[in-house]
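Trainee: dropping the sequence and predicted coords here.
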Amino acid sequence: MLTDPSDNVRNRDDHRKGIANVPTAPLTRAGFSGPALRLYELITASWVASAVSAAAELGVADVMTAEPRSAEEIAAEIGADPETLHRLLRACTDLELVDLVPGRGFALTGLGRALRGDAPDSMRAYARWMGTRAERSTMAYLADAVRTGGPVFEDVHGIPVWSYMRNAPGTAALFDRGMTDISAQLTRSIVDEYDFGGIECLVDVGGGHGRLLSLLLEAHPRMRGVLFDRPEVIARPEPALTRGDVATRCRVEGGDFLEGVPAGADAYLLASVVHNWNDEDAARILSRCREAVAPRGRVLLAEVLVPEGPEPAPTATLMDLSMLVQCGGKQRTERQFADLLRDSGFRLERIVPAQGIAVVEGTPA
């Protein structure tokens with residue numbers, strides 16, 4: 001049974017009274033103790049995320065440039081209330097997404113430009129996804145997931161996460177675009193850091209719209225590629241896969257990687273895929289790759305690794321909690337990947353670190 005996150009408030013009247021007593025002056029170490037100030041920043045971090053998600057959802061950055069515009073002008077273009085948009089933009093100045101130019105309005109900063117949908121390093125879709133009910137309301141029940149040891153998505157929404165996505169095509173499409181955003185940033189470095197040179201045919205398993213595959217095919221003119229994902233996803237492939245020389249070396253194929261993957265390739269790439277699944281299902285997916293891979297082929301898992309030791313790794317550890325509540329998946333350590341590969345008919349050959357991510361390489365055992 002789920003516990004309402006607000007149920008741990010012993011007296012709601014006292015709780016409201018406490019909120020009213022929160023200082024309105026800027027927080028400084030003169031008003032808060034050091035630990036209390038740091039905890040306040042951590043506790044209210046969701047406010048920051050909500051402001052960024054709201055700006056992304058409204059398309060604020062898409063109608064802004066480095067030239068100042070008034071809140072009224074922006075509001076008219078995006079269909080928002082001018083006064084409340086001004087309040088959002090004022091908050092965004094403190095987040096360094098926009099600059100306030102006295103008497104002239106608001107201007108987009110370099111950081112804010114990444115919230116534009118047309119930016120090369122756009123994170124707009126990911127910011128929008130993180131503001132959805134599917135993501136944010138589920139994370140509110142993290143404590144229940146820790147108590148029970150499993151995902152809480154079905155308890156919160158009445159249906160398992162992947163069924164929810166099938167029944168909500170709009171949410172699923174936003175999820176796919178958001179994952180394309182974050183995957184592009186996390187996996188871009190592996191194009192340079194991992195040697196793909198000897199691969200003749202690569203299957204990008206669960207490759208989304210194919211942004212990473214397009215980069216690999218552009219970097220390796222002799223490589224052929226297969227983009228493999230759900231039929232509704234591959235129906236909208238990355239434009240780079242559909243034009244020029246790359247299009248002649250790539251095909252798209254729809255299917256379910258729990259049941260099978262295209263056979264005969266010498267490399268199977270799964271970028272940010274197996275972390276979505278528990279050990280049993282992850283081993284099943286990799287077993288399908290083992291059945292399909294060429295005798296001297298390999299499987300490549302691009303993942304954010306959890307360190308074996310105590311070194312800080314907030315990206316990995318917080319992503320791990322998101323995987324827990326949403327789908328029962330996990331971020332794994334090197335040892336856990338070795339076990340997973342062994343259970344799937346592979347052996348761990350090596351791990352190649354890249355910026356923010358690593359390539360876990362397995363070969364048939």
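Mentor: Everything's here; your move.
Trainee: quick one: the helices in the stretch 201-350 of the chain, in order.
Mentor: Assigned by DSSP state H, counting those that start in this stretch, the helices in the stretch 201-350 of the chain fall at 211-219, 231-234, 244-248, 279-292, 314-327, 334-343.
Trainee: for those helices, could you give me CSV that also reports mean pLDDT, distance to residue 259 and mean neighbour count?
Mentor: From N, CA and C alone the C-beta is placed, and that goes for glycine too. Shown next, in CSV, are these (pLDDT from 0 to 100; distance: least, C-beta to C-beta, whole Å; neighbours: other C-beta atoms under 10 Å):
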stretch, mean pLDDT, distance to residue 259, mean neighbour count
helix 211-219, 94, 21, 22
helix 231-234, 92, 13, 17
helix 244-248, 94, 27, 13
helix 279-292, 98, 7, 19
helix 314-327, 96, 18, 17
helix 334-343, 98, 18, 17
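Trainee: tell me the mean pLDDT for the helix or strand where residue 177 lies?
Mentor: Using DSSP states H and E, residue 177 sits in helix 169-187. Helix 169-187 shows a mean pLDDT of 88.
Trainee: then that helix to PDB, C-alphas only?
Mentor: Output in PDB follows, covering the C-alpha atoms of helix 169-187 (Å, rounded to 0.1, in the frame of the first residue of the first chain):
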ATOM      1  CA  PRO A 169       1.000   7.700 -27.100                       C
ATOM      2  CA  GLY A 170       1.600  11.400 -26.500                       C
ATOM      3  CA  THR A 171       3.400  10.700 -23.200                       C
ATOM      4  CA  ALA A 172       5.400   7.800 -24.900                       C
ATOM      5  CA  ALA A 173       6.400  10.100 -27.800                       C
ATOM      6  CA  LEU A 174       7.600  12.800 -25.300                       C
ATOM      7  CA  PHE A 175       9.500  10.100 -23.300                       C
ATOM      8  CA  ASP A 176      11.200   8.900 -26.500                       C
ATOM      9  CA  ARG A 177      12.200  12.500 -27.400                       C
ATOM     10  CA  GLY A 178      13.400  13.100 -23.900                       C
ATOM     11  CA  MET A 179      15.500   9.900 -23.900                       C
ATOM     12  CA  THR A 180      16.900  10.900 -27.200                       C
ATOM     13  CA  ASP A 181      18.000  14.300 -25.700                       C
ATOM     14  CA  ILE A 182      19.700  12.700 -22.600                       C
ATOM     15  CA  SER A 183      21.100   9.800 -24.500                       C
ATOM     16  CA  ALA A 184      22.700  12.100 -27.100                       C
ATOM     17  CA  GLN A 185      24.500  14.000 -24.400                       C
ATOM     18  CA  LEU A 186      25.600  11.000 -22.400                       C
ATOM     19  CA  THR A 187      26.600   8.800 -25.400                       C
END
